[in-house]
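Asks: pasting the sequence and the predicted coordinates here, then a few questions.
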Amino acid sequence: MERRMNLTMLMDFYELTMSKGYFDHDMQDQIAYFDMFYRKTPDKGGYAIMAGVEQLIGYLKNLSFEEEDIDFLRSKGMFDEAFLNYLKNFKFKADVWAIPEGTPIFPGEPIVTVRGTAIEAQLVETMVLLTINHQSLIATKATRIVRAAQGRPVMEFGSRRAQGYDGAIFGARAAYIGGCVGTACTICERDYGIPALGTMAHSWVQMFDSEYEAFCAYANAWPDRCSLLVDTYNVIKSGVPNAIRAFNDILIPMGKRPASIRIDSGDITYLSRKAREMLDEAGFEDCKIIVSNALDEYIIRDLIMQGAQVDSFGVGERLITSRSEPVFGGVYKLVAVEKNGEIIPKIKISENIEKITTPGFKQVWRLFDNESGKAMADVMTLFDEEIDSDKPYNLFDPEYTWKKKEITNFTAKPLLTQIFKNGECVYESPSIEEIRAFCAKSLENLWSEVLRFENPHKYYVDMSSKLWTIREKLLEG
C-alpha cells in the first residue's frame, strides 16, 4: 500500500535553475535520456540488490506543482511568470524503465532510465536517486546479514536508530526484501504487510520490584508467545534462572510452553551456550534463544563459528543505517538526446576512469548458463539490439578487450522493464512477498564466489560490440 505524498519540491535547487535555462532557450521540448547507475558496491561486496521501485512509482504518479510551491518559487524573485506558469501546468509525460526490485545489480549498468523532455527528466533526478539509493543500500546489507545467519531468522530491529522516520519505514521494507523475517516497525505491517515483531524492553523488567515479578507478569499477559529479556541484571545468575522459574510457575500450570529468551548484551557466545544448558536441564529444550546488540554479518558469522547457541538474531543500527558503508552512491547522468527522431549518444569524460559514462539508450541483458542456471555475465546493449540465445555469443571485457569468451547453451533475459509510458504507469508492482521470494531466488542464481564477503569474484558487466564502438568513437572525439 502506497500512501499519497506530493514530494515534487524535494529536489536539488539546480534542477530548477537548469529547467529555467532550458525554458528560456526553448529547450523544454528537447528529449533527453538519463541513466541511474552506481559505480561501487557497498562493503566491497560482489553484488547489490535493486529496491525502491514501488516508491519511485508512487512519487512519479503524484508529480505536480501545487499553489504553495509556485508561491514559494515566486517569493525567491528568480523565476518569471512564464516559467512559473509552465510549472503550474506541468504534467509528467516521460517514459521510465527500471530493473525490478529484488534483482541483483552490478556497477556501471543502468538500473533506471528516464526518457523525457529535458525539464521533466531533470526535475526527477534527486528523487530517483534518493529512493533507489536508500532502499538498495539497505536491501543489499540485509542479504549479507541474512546469509551470514545460515538459515536462522533475522529480525530488523533498527527503527529508533534509523535516519529519520522514512528511513525507518522504507529501511524496514528494504530489509524485508533482503530476507529479514519481520521488523520492529509496527507501521510497516499496516502499510506493507511486513510482520511486526517484538516483546519487551529492559524498562519492563525495571518497572517491577523484582525480575521474577516482571517475568511472571509478562507470562500472564502473553502466555502463548512468552519471550523474556534476560540480561537486565545478570544473564546467568538471575535472568535465566528467573525465566525458568516464571515458566514453571505461570506457563506450565496453564499447559503452555515458553517461546524464547533474548540476550541483548555481554559475550553472546558464552552466555547463549550457558543459557542453552540451563534451559535444556530445566526441560525447556524447545525454548528459543534470540540475541541482539549491535550485530552485523561479520559478528553473526563469528558467533556461529564459535558455537553460539542462537536460534534467531535481532539486528538494528548496523542494518538500518548500513553502518559499515552508509552510502550507495548511485548517480544520474545524461546519456543521449533526440534530434529529429534520431537518438544521439552523449558521454561524460573524466580523468577518473570510473567516472566515464556509457553513452546511448541501453538495455541490460543477463546471461544464464542453461546447465547450472547460474548467471554468467550481464551485457549492456543498445536498446534495439537483441541477444539471440540460440546462437553463440561473444563476450569481451570493455576495458581489457583481449579478454574474450564465446558462450553457448545460455538464456538471455532483458532486465530493464518499462514502468511509465508517456507519463502513465504501465507496471504493476509485485507484492512485497513476491519481491522477497524473487530476491532470494535471484541470489541462488549467482555463483558462491560472487556472494562471499571478502574479495568476491568480479561479476562481469560487458558491452555489445555496437555499444563499445560508439563509446570508443566518443572517447576519441
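Replies: Now that the structure is in, tell me what you want to look at.

Asks: in this protein, where's the longest strand?
Replies: Criterion DSSP state E: the longest strand present in the chain is strand 330-339.

Asks: now do the buried residues in that one.
Replies: Of the residues in strand 330-339, Gly330, Tyr332, Lys333, Leu334, Val335, Ala336, Val337 count as buried by neighbour count, 16 or more other Cβ atoms under 10 Å. From N, CA and C alone the C-beta is placed, and that goes for glycine too.

Asks: strands paired with it, and their directions?
Replies: strand 31-38 (antiparallel), strand 342-345 (antiparallel) (DSSP bridges).

Asks: picking that back up, which one of the buried residues of strand 330-339 sits closest to Phe106?
Replies: Comparing the buried residues of strand 330-339 against Phe106 with Cβ to Cβ places Gly330 closest, at 12.4 Å.

Asks: the closest one: what's it in contact with?
Replies: Met36, Phe37, Tyr38, Ile111, Leu129, Ile132, Asn133, Ser136 (Cβ atoms under 8 Å, 6 or more residues apart in numbering).

Asks: okay, now the fifth one: neighbour count?
Replies: I take that to be Leu129. By the criterion of other Cβ atoms under 10 Å, Leu129 has 19 neighbours.

Asks: what does the third one give?
Replies: For Tyr38, the neighbour count with other Cβ under 10 Å is 23.

Asks: which per-residue confidence value corresponds to it?
Replies: pLDDT recorded at Tyr38 is 98.

Asks: nearest residue to it in space, please, no chain neighbours.
Replies: Leaving aside its chain neighbours, Tyr38 sits nearest to Gly330 (4.3 Å; criterion: Cβ to Cβ, 6 or more residues apart in numbering).

Asks: again, but for the fourth one
Replies: The shortest distance from Ile111 to any residue other than its chain neighbours is 4.8 Å, reached at Ile99 (Cβ to Cβ, 6+ apart).

Asks: the one you found touches Ala51, doesn't it?
Replies: No: using Cβ atoms under 8 Å as the test, Ile99 is too far from Ala51 to be in contact (10.2 Å).

Asks: between those two, point out the one with more neighbours.
Replies: Per other Cβ under 10 Å, whichever of Ile99 and Ala51 has more neighbours is Ala51, with 32 against 24.

Asks: of the buried residues of strand 330-339, closest to Asp462?
Replies: When the buried residues of strand 330-339 are compared against Asp462 (criterion: Cβ to Cβ), the nearest one is Val335, at 17.3 Å.

Asks: look up how far Ile343 lies from the closest one.
Replies: Val335 sits 10 Å away from Ile343, taking Cβ to Cβ, to the nearest Å as the criterion.

Asks: cool, and Thr103?
Replies: For Thr103, the distance to Ile343 - Cβ to Cβ - is 25 Å.

Asks: what's the answer for Ala184, then?
Replies: For Ala184, the distance to Ile343 equals 48 Å [Cβ to Cβ].

Asks: list the contacts for Gly266?
Replies: Counting by Cβ under 8 Å, 6+ apart, Gly266 touches Asp231, Val235.

Asks: would you agree it falls within a helix?
Replies: No: counting by DSSP: H, G, I helix; E, B strand; the rest coil, one finds Gly266 to be coil, located in no helix.

Asks: so how far is Asn234 from it?
Replies: 9 Å.

Asks: pLDDT score for the residue nearest to Asn62 when sequence neighbours are not counted?
Replies: Nearest residue to Asn62 in three dimensions, chain neighbours excluded: Asn6, at 4.9 Å (Cβ to Cβ, 6+ apart). What the model reports as pLDDT for Asn6 is 80.

Asks: repeat that for Tyr400.
Replies: 87.

Asks: could you chop this structure up by domain?
Replies: With domains defined by automatic domain parsing, the chain comprises 13-138+327-363+413-462, 199-293.

Asks: what's the closest of these to Glu317?
Replies: Closest among the domains of the chain, once you apply Cβ to Cβ, is domain 199-293, at 10.2 Å.

Asks: the closest one: end-to-end distance?
Replies: The first and last residues of domain 199-293 sit 15 Å apart, counting by Cα to Cα, to the nearest Å.

Asks: how far does that domain sit from the chain's center?
Replies: Between the centre of domain 199-293 and the centre of its chain there are 34 Å (Cα atoms, centre = their mean, to the nearest Å).

Asks: now that domain: average pLDDT?
Replies: Throughout domain 199-293, pLDDT has a mean value of 98.

Asks: for the stretch 101-250 of the chain, what spans make up the strands?
Replies: With DSSP state E, counting those that start in this stretch, the ranges of strands along the stretch 101-250 of the chain come out as 104-105, 112-117, 154-156, 182-183, 227-229.

Asks: and what of the stretch 351-477 of the chain?
Replies: With DSSP E, counting those that start in this stretch as the criterion, the stretch 351-477 of the chain has strands spanning 362-369, 375-382, 393-396, 404-407, 410-414, 417-421, 424-425, 461-463.

Asks: Arg276 versus the nearest residue to Ser265 once chain neighbours are set aside, what's the distance?
Replies: Setting aside the residues directly before and after it, Ser265 is nearest to Asp231 in space (Cβ to Cβ, 6+ apart), at 4.9 Å. Distance, Asp231 to Arg276, by Cβ to Cβ: 15 Å.

Asks: quick one, which of the two is more surrounded?
Replies: Set Asp231 next to Arg276 and count neighbours by other Cβ under 10 Å: Asp231 wins out with 23 against 20.
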